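Asker: The following block contains a protein sequence and its predicted model.
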Amino acid sequence: MHSERPKVLHAVGGKPMLGHVLDRAAELQPDGLHVVVNPDAAAVPAAFADASVQWVPQAERLGTGHAVMQAMPAIPDEADVLVLYGDIPLLDATSLQALRAAHESALTLLTMRPASAAGYGRVLRDGKGAVQAIVEERDATPEQRLIQEVNSGILMACAADLRAWLNQLGNHNSQGEYYLTDVVAMARAEGKAIGSVLAADAERLEGANDRIQLAALERRYQRLQAEALMQAGVTLADPQRFDQRGAVQAGRDVTIDVNVVLEGEITLGDGVSIGPGCVLRDCQLAPGTRVHAHSVLEGARSTGACDIGPFARVRPGTVLAAGTRVGNFVETKNTTLGPDSKASHLTYLGDCKVGTAVNIGAGTITCNYDGVNKFQTVIEDGAFIGSDSQLIAPVTVGKNATIGAGSTISKDAPAEQLTLSRSRQSSVAGLKRPRKKES
């Protein structure tokens, strides 16, 4: 990866690869999760500080068999062991459930037939189709390299048997490593039955050893997310220009235009439409809400159909009621807009409570921060805020009050009255502006 970041922390779909694998493992409700990790890679346990995981240090990287050896002391003999890898983020629960269902012998393998077998260990079978061994590509003969069924690396084994086989592993191979795959031949030599399950989709079992492969995994992941949304009734203008980096719940007739990024926890009600180039993070949008082009929403919630954007920035703590409008180049934070209230142009509303049917003119700013503390602005029902006004919090604009354009309001504005603060306009006759000298 040519990176300071451990490989398993590189993200697919906005989540570290290891995070995807831990999620799939947790779906099987195991008695324990053991993760073998380089003790120098402290960032890995730190990234999953809240996970129910036992971290197992592997001081020397001596192969897959050696890695599993490190975890075995904490695993009882009567357990079944499922071995997974931290860089297979597309791993699906269906394959793991099929493997577990088929695990009736001492050892069961998950195999696959990828588009190209290059780089994978080949599965060797006898004339009756029984698994004999797995041979790594670097150790395989030319004839063995023609085999298309390969080892995914994922297996289930009885702990007592696995422990015994691991204790017998040698490193007499081209890499000088302890191969986990050598336990297959050991089981065969003991006359133990070896089961196998062929994965339905080999792409789900692919990993990443460089950034090119990581990018390929990202696109496959996004394709799967897009297909799931479309099957649920969402219209995507172009599934190849869509990115989901979290969990999305969508109602009926949701429409998402190109180059939209959805992050975190997203809920989209029926009929929501999202324009091109938008980014949404941790948002809940009520049915009928429309987000226009190139808007960025984070931690926002709408409680009824409303219009947002284009080019709006809606920040955490914003709640928009039915009929509200947050227009172009408007920014909000910790702000509630009541029904039918509008801020259509070039406005900042921070720490603001806006009532019903309020009109906020272009260029309005709530001055909510004194450098240390933040203060709230309250704008009551029916108020009209003229363009280019500054409301210096804490301040309240009363019901049906009018603020004259260009005003700086530092005291409460009474209801039903016009409040303004302007210098008197004057004109100077006979003024001659300076001119450039002609060359």
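Answerer: In hand now; what should we look at? Numbering: from 1, shown residues only.
Asker: quick one: the strands in the stretch 151-300 of the chain?
Answerer: Using DSSP state E, counting those that start in this stretch, the strands assigned to the stretch 151-300 of the chain run over residues 194-198, 235-236, 242-250, 255-256, 260-268, 273-274, 279-281, 284-285, 290-291, 296-298.
Asker: May I see the domains of the chain written out as residue ranges?
Answerer: 7-205, 233-419 (automatic domain parsing).
Asker: Adding distance to Ala117 and mean pLDDT, write the strands of the stretch 151-300 of the chain out as CSV.
Answerer: The C-beta positions use only the backbone N, C-alpha and C, and glycine is treated the same way. Converted to CSV, the strands of the stretch 151-300 of the chain look like this (distance: least, C-beta to C-beta, whole Å; pLDDT from 0 to 100):
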stretch, distance to Ala117, mean pLDDT
strand 194-198, 14, 94
strand 235-236, 34, 98
strand 242-250, 31, 97
strand 255-256, 37, 98
strand 260-268, 35, 98
strand 273-274, 41, 98
strand 279-281, 40, 98
strand 284-285, 46, 98
strand 290-291, 46, 98
strand 296-298, 44, 98
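Asker: How many residues are close by Asp80?
Answerer: Number of residues near Asp80 (other C-beta atoms under 10 Å) recorded here: 15.
Asker: partners of it in the sheet?
Answerer: Cys158 (DSSP bridges).
Asker: pLDDT score assigned to it?
Answerer: Among the per-residue scores, Asp80 shows a pLDDT of 96.
Asker: just checking, it touches Leu155?
Answerer: No - using C-beta atoms under 8 Å, Asp80 is not in contact with Leu155, being 10.7 Å away.
Asker: so who does Thr347 touch?
Answerer: When contacts are counted by C-beta atoms under 8 Å, 6 or more residues apart in numbering, Thr347 touches 327, 329-331, 360-365.
Asker: what does Leu155 give?
Answerer: 82-83, 107-110, 180.
Asker: What is the longest helix of this structure by residue count?
Answerer: helix 211-231 (DSSP state H).
Asker: gap between the closest residue to Ile256 other than its chain neighbours and Gly32?
Answerer: Distances taken as C-beta to C-beta, 6 or more residues apart in numbering put Ile274 closest to Ile256, at 4.9 Å, once the chain neighbours are dropped. Using C-beta to C-beta, to the nearest Å, Ile274 is found at 42 Å from Gly32.
Asker: More neighbours: which of those two?
Answerer: Ranked by neighbour count (other C-beta under 10 Å), Ile274 and Gly32 place Ile274 first, with 28 against 12.
Asker: pretty sure the more buried one is touching Val258, no?
Answerer: No - counting by C-beta under 8 Å, Ile274 sits too far from Val258 to count as a contact (10.2 Å).
Asker: who does the residue nearest to Ile256 bridge with?
Answerer: Beta-bridge pairing for Ile274 (DSSP bridges): Ile256, Val291.
Asker: and what of the one 10 residues further on?
Answerer: According to DSSP bridges, Thr267, Arg301 are recorded as the beta-bridge partners of Gln284.
Asker: burial of it, as a residue count?
Answerer: With other C-beta under 10 Å as criterion, Gln284 counts 18.
Asker: Can you tell me how far it is from Arg245?
Answerer: From Gln284 to Arg245 the distance is 17 Å (C-beta to C-beta).
Asker: Next: Gly269.
Answerer: Per C-beta to C-beta, Gly269 is found 21 Å from Arg245.
Asker: Ok, Ile212 next?
Answerer: Distance from Ile212 to Arg245, by C-beta to C-beta: 20 Å.
Asker: And the helices in the stretch 51-200 of the chain?
Answerer: 64-71, 93-102, 159-167, 182-189 (DSSP state H, counting those that start in this stretch).
Asker: Nice, that's everything, thank you.
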